[in-house]
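Engineer: the sequence and its predicted three-dimensional model are supplied below.
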Amino acid sequence: MIKEIKKIFIVLLIVAALVVICGIPFVVHQKEFVVVKQFGKIVSTYDAPGLYAKIPFIQSTQRVSTATILYDIPASDVITKDKKSMIADNYVLWRVSDPKKYIQTLNAVEARANERVEAAVYNSTKNVISSMTQDEVIAARGDMLTDLVTVQANSDIGSYGIDIIQSQIKMLDLPDDNKSAVYERMISERNNIAESYRAAGDAEAQKIRNETDRKVKEMTATAEADAAKIEAQGEAGYMQILASAYNDPEKADFYTFLRGLDALKVSLSGTNKTIILDKNSEIVRMLYGAE
């Protein structure tokens, strides 16, 4: 009987030893934190993959994923600085950055974390858009709004041990009841801007045309003056040549005779022409063969 009791005792000791030994080691895997608690209080945190040890029965472990979580936030109404209503639809990428805070504040429950993330992103989106007019919001849609919302949301969510990687506004729209009015106003404003550009362009074109016309007139006047000067110089040279050629009485008479013939030729052009000449003129004498 005693032997049986000893055997049972030995078996129990072996089982207890195995339980103790098995309770000492624990493994940290990729993309996770392992938090070690002692009497419910966090005493250490591990994030590097590997094999670690804890005190059995006294210490326990809790695992927290470090994977990036995608959370689609429901669309919500926001008001711009100029009191215009818009609809913002966001999605968020977040992950746990501080497992101790995450456990202490949210008990590492993802649903609770999503609620806090949603509230932080909504408040951030509302604050950013309320600081801008509707036109500024429309012009800034994209990376600029994403960066502003992400920075503000992170400042609100940091106490929960969560890091918002990106808060992206996937759609920023107008309420159906005022879309048409807003679009028409935007089209009108763009048309006004285009018209001002056209007017400025027309004014500049007219200025260029006026300047070009002025330069053309100046160049034409200069050219005409130069031409008149050259023509006068040519006429003077011609007269000098004639004077030199007919510088004696015989040549002078012959020149006068030629000029007379030229004048007679011009006068007789056409029909029904009558010329009255002096009887002593050289032309009359030539016509009648007088000496």
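Structural biologist: Cool, the structure landed.

Engineer: element containing the residue lying closest to residue 96 once chain neighbours are set aside?
Structural biologist: Nearest residue to residue 96, sequence neighbours excluded (CB to CB, 6 or more residues apart in numbering): residue 102, at 4.9 Å. Bear in mind the C-beta positions are built from the backbone N, C-alpha and C, glycine included. Remark: residue 102 resides in helix 99-106, with elements defined by DSSP states H and E.

Engineer: list the buried residues of that helix.
Structural biologist: 99, 102-103, 105-106 (16 or more other CB atoms under 10 Å).

Engineer: turn these into CSV, including distance to residue 61 and pLDDT.
Structural biologist: As requested, the buried residues of helix 99-106 are exported to CSV (distance: CB to CB, whole Å; pLDDT from 0 to 100):
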residue, distance to residue 61, pLDDT
99, 11, 95
102, 15, 95
103, 12, 94
105, 19, 94
106, 18, 95
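
Engineer: and which of those residues is nearest to residue 131?
Structural biologist: Taking CB to CB as the measure, residue 131 sits nearest to residue 105 out of these, at 28.8 Å.

Engineer: from residue 113, how far out is the closest one?
Structural biologist: Distance of residue 105 to residue 113, computed by CB to CB, to the nearest Å: 9 Å.

Engineer: joint contacts of those two?
Structural biologist: Both residue 105 and residue 113 are in contact with residue 160, where contact means CB atoms under 8 Å, 6 or more residues apart in numbering.

Engineer: run through the stretch 151-291 of the chain and note the low-pLDDT ranges.
Structural biologist: By pLDDT under 70, the weakly predicted segments of the stretch 151-291 of the chain are 176-183, 185-186, 242-243, 245-258, 260, 264, 266-273, 275, 277-291.

Engineer: what segments of it are strands?
Structural biologist: With strands called from DSSP state E, counting those that start in this stretch, the stretch 151-291 of the chain shows them at 162-173.

Engineer: domain assignment for the chain?
Structural biologist: Using automatic domain parsing, the domain parsing of the chain gives 2-64, 69-173, 186-245, 248-288.

Engineer: return the most buried member of those.
Structural biologist: Highest mean neighbour count of the domains of the chain: domain 69-173, a mean of 17 (counted as mean count of other CB atoms under 10 Å).

Engineer: residue 90 pairs with what?
Structural biologist: Taking DSSP bridges as the rule, residue 90 bridges to residue 169.

Engineer: which residues touch it?
Structural biologist: 73, 121-122, 125, 149, 167-170.

Engineer: now with 6 Å, please.
Structural biologist: Residue 90 sits next to 73, 121, 167, 169 when contact means CB atoms under 6 Å, 6 or more residues apart in numbering.

Engineer: do you know how far the second one is from residue 32?
Structural biologist: With distances defined as CB to CB, the gap from residue 121 to residue 32 amounts to 25 Å.

Engineer: wait, isn't residue 49 in contact with residue 27?
Structural biologist: No - assessed by CB atoms under 6 Å, residue 49 is found out of contact with residue 27, at 8.1 Å.

Engineer: select the longest helix from the protein.
Structural biologist: Ordering each helix of the chain by length in residues (DSSP state H) puts helix 179-245 first.

Engineer: tilt between the helix holding residue 102 and strand 162-173?
Structural biologist: Angle, helix 99-106 to strand 162-173, by axes from the mean of the first three to the mean of the last three CA atoms, to 10 degrees: 60 degrees.
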